[in-house]
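# structure of the sequence below:
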Amino acid sequence: MSKQLNQVIISNIQDAHQLEKMYRKDKTAFKNAFNSIYSEISYDANAKCWNERLNYDAPPSVFLSKQELIFIGIAIFISGWIAKLPALLKWNSDIFFSRNISFIVFEMLLFFFAWKEKLAFKKIIPPIAIFIISAIFINQLPKNDKSDTLLLSCIHLPIFLWSIVGFVFTGNEFSQPRKRIEFLRLNGDLIVMSAVMVLASALFTVITTGLFNLIGINIQEIYANYIVIWGLPAIPIVATVLVKQYPHLVGNVSPIIAKLFTPLVTLTLFIFLVAVISTGKDPYNDREFLFILNAMLIGVMAIILFSFSEFSISPMNRWQLILLFALLLLAVVNNSIALSAIIYRLSIYGLSPNRLAVIGSNMLMLLNLIVVGYNMIKVIQIKGTVENIENSIAKFLPIYCCWAAIVAFVFPIVFKMK
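Numbering: from 1, shown residues only. This next block holds a predicted model:
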């Protein structure tokens, strides 16, 4: 069998596809057979590439460098103390966290990406200034529990600051859609890694408190005040460092999840549309309906983006592409329903901060979906590339950033905190 495999490798040394197929079928047998015949085919360039691939002795890698460990320690220390400010200064914790949740972690990620991208200090000054101005602005807004603009500002400010972190992440290549897509994919991997760390932390918490309860010591209050308050901000910080240092750690998880959920979400949206029609549900007077549809549109956009990681056109993948296009069409239909509902409420009840914010985001997402769909059709017809689809998503990121900034900073002033 080994001699037969040797001959097959020799006869297919110029056929990269066949060699890859044989390698994936039995990696150990392939490596042993290749090494036994390498002296006979070492003159061939393809054989030299395979020899390096199979026998490359990678140097031992450090899990995290000393500098990264120091950064994690400092970042967790600072973020933890920011989160402790309400308890230390006797501030209202609900007001503080609703306005400042993004400042607990985002500024640390900003410095991390600036360090990794080796940005000059003069390029970091504008993002830092934006963070400082944002913190002053949001905390100077008067307390008003009935203010829609205050709530909108608290919701959209983290989105805006997240985009500023993305600007720093792109470094000197902000104009390159590839770097923007890389940032979005990092966020997907970050969510997966953070979810794993949250589950692990929850299990550790249950075991720890349970062990101390066995000996009659209740540590829940101490644990919450001193461990959890530093532990929660630590999760996204540590997750970001790990994902950045080891991009392949969870890099394949997001595309797999996206591909698994594509048929499920498509079927769900189709059944949902049928149910809306058959039940006579009135979306025009239901705010929760509009909110859920907006969340669904963001989810659909994420599925489309992550489905194209390492995507190549083939007969099987073309069916996946067609299914994604069907999902996009259903999302456009649902978006159109939501948009008509918002316009209806606008015509009946008049202009309000909530309606204007929702209609703006809906129109942006609808336009984005239409552009993505157009590029999908071109790829299905083999007249375009997957890169065009990704670029159509990346090019809208600055627009979303500007809209979030308008809602966060302009709405409270224009609508006078109504």
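
# which other helices and strands contact the helix or strand where Leu199 lies?
Per DSSP states H and E, Leu199 falls inside helix 177-214. Here helix 177-214 touches helix 148-169, helix 229-245, helix 253-279, helix 287-307, helix 386-394, going by 3 or more C-beta pairs under 8 Å, 6 or more residues apart in numbering; DSSP states H and E. Any C-beta I mention is one placed from the backbone N, CA and C, and that applies to glycine too.

# and the next element down the chain from the least confident helix or strand in the chain by mean pLDDT?
When the helices and strands of the chain are scored by mean pLDDT, DSSP states H and E, helix 287-307 comes last with a mean of 75. Once helix 287-307 ends, the next helix or strand along the chain (criterion: DSSP H and E) is helix 315-349.

# and Glu68, how far is that from Phe112?
9 Å (C-beta to C-beta, to the nearest Å).

# before we move on, what about Leu367?
Separation of Leu367 from Phe112 (C-beta to C-beta): 33 Å.

# who has more neighbours, the two?
More crowded of Leu367 and Phe112, by other C-beta atoms under 10 Å: Phe112, with 21 against 13.

# can you name the element that comes right after the strand or helix carrying that one?
Applying DSSP H and E as the criterion places Phe112 in helix 93-116. For helix 93-116, the following helix or strand on the C-terminal side (DSSP H and E) is helix 121-140.

# list the buried ones in that following helix?
Within helix 121-140, the residues scored as buried using 16 or more other C-beta atoms under 10 Å are 124, 127-128, 130-131, 134-135, 137-138.

# need the residues touching each of Glu68 and Phe112.
Residues touching both Glu68 and Phe112 (C-beta atoms under 8 Å, 6 or more residues apart in numbering) are Val241.

# ok so, going back, now the next helix or strand after the helix holding Leu199: mean pLDDT?
Using DSSP H and E, the helix or strand that follows helix 177-214 in sequence is helix 220-222. Here helix 220-222 scores 80 as its mean pLDDT.

# also stretch 149-156?
Stretch 149-156 carries an average pLDDT of 90.

# low-confidence stretches in the stretch 1-150 of the chain?
Along the stretch 1-150 of the chain, the parts satisfying pLDDT under 70 run over 1-3, 57-63.

# ok, 50 please
1, 60 (pLDDT under 50).

# on that earlier part again, other SSEs contacting the helix holding Phe112?
Packed against helix 93-116 by the contact rule (3+ C-beta pairs under 8 Å, 6+ apart) you find helix 66-89, helix 121-140, helix 148-169, helix 229-245.

# distance to Phe212 for these - can I get that in CSV?
Formatted as CSV, the helices and strands packed on helix 93-116 follow (distance: least, C-beta to C-beta, whole Å):
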stretch, distance to Phe212
helix 66-89, 22
helix 121-140, 38
helix 148-169, 35
helix 229-245, 17
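
# which among those is found nearest to Thr28?
helix 229-245 (29.1 Å; C-beta to C-beta).

# how far away from the center of its chain is the closest one?
Centroid displacement of helix 229-245 relative to its chain, using C-alpha atoms, centre = their mean, to the nearest Å, is 14 Å.

# tell me which of the helices and strands packed on helix 177-214 sits nearest to Leu323.
Nearest of those (C-beta to C-beta): helix 253-279, 5.7 Å.

# give the rounded mean pLDDT of the closest one.
Confidence over helix 253-279 (mean pLDDT, whole number) is 80.

# check stretch 411-418 too.
Averaged over stretch 411-418, pLDDT sits at 81.

# identify the residues contacting it?
By C-beta under 8 Å, 6+ apart, the residues outside stretch 411-418 that reach it are 141-142, 144, 147-150, 152-153, 352-353, 356-357.

# before we move on, back to that, next, the angle helix 386-394 makes with the helix holding Leu199.
Angle of helix 177-214 versus helix 386-394, following axes from the mean of the first three to the mean of the last three C-alpha atoms, to 10 degrees, is 70 degrees.

# if I look at Leu141, how far off is Leu151?
To Leu151, Leu141 is 11 Å away according to C-beta to C-beta.

# quick one: which of the helices and strands packed on helix 93-116 is nearest Ala295?
Of those, nearest to Ala295 by C-beta to C-beta is helix 148-169, at 12.3 Å.

# now that closest one: buried residues?
Residues 148-154, 156-169 are the ones in helix 148-169 that count as buried (16+ other C-beta under 10 Å).

# His156 against Val407, yeah?
Yes - using C-beta atoms under 8 Å, His156 makes contact with Val407 at a distance of 4.1 Å.

# quick check: neighbours shared by those two?
Common neighbours of His156 and Val407 (C-beta under 8 Å, 6+ apart) are Ala357.

# with adjacent residues omitted, what lies nearest to Ile370?
Spatially, and ignoring its direct neighbours in sequence, Ile370 is nearest to Val332 (6.9 Å; C-beta to C-beta, 6 or more residues apart in numbering).

# and the one you found, how many residues sit next to it?
Count around Val332 with other C-beta under 10 Å applied: 18.

# can you pull the contacts of it?
366, 369-370, 373.

# which of the residues you listed sit farthest apart?
Comparing every pair within those by C-beta to C-beta identifies Leu366 and Gly373 as the most remote, at 10.5 Å.

# tell me which of the helices and strands packed on helix 177-214 lies nearest to Ile342.
Ile342 lies closest to helix 287-307 among these, at 6.4 Å (C-beta to C-beta).

# and Phe325, how close does it get to Pro255?
Going from Phe325 to Pro255 by C-beta to C-beta gives 17 Å.

# who's in contact with the closest residue to Gly166 other than its chain neighbours?
Nearest non-adjacent residue to Gly166, counting by C-beta to C-beta, 6+ apart: Phe183, 4.6 Å away. Residues near Phe183 by C-beta under 8 Å, 6+ apart: 166, 169-170.

# give me that answer again for 10 Å
113, 162-163, 165-170, 394, 397 (C-beta atoms under 10 Å, 6 or more residues apart in numbering).

# chain center to stretch 365-374, what's the gap?
Per C-alpha atoms, centre = their mean, the displacement of stretch 365-374 from the mean C-alpha position of its chain is 19 Å.

# what mean pLDDT does that stretch get?
Mean pLDDT, computed over stretch 365-374, is 88.

# please work out which residues outside that stretch touch it.
293-294, 297-298, 300-301, 304-305, 324-325, 328-329, 331-332, 335-336, 338-339, 384, 388-393, 395-397, 399-400.
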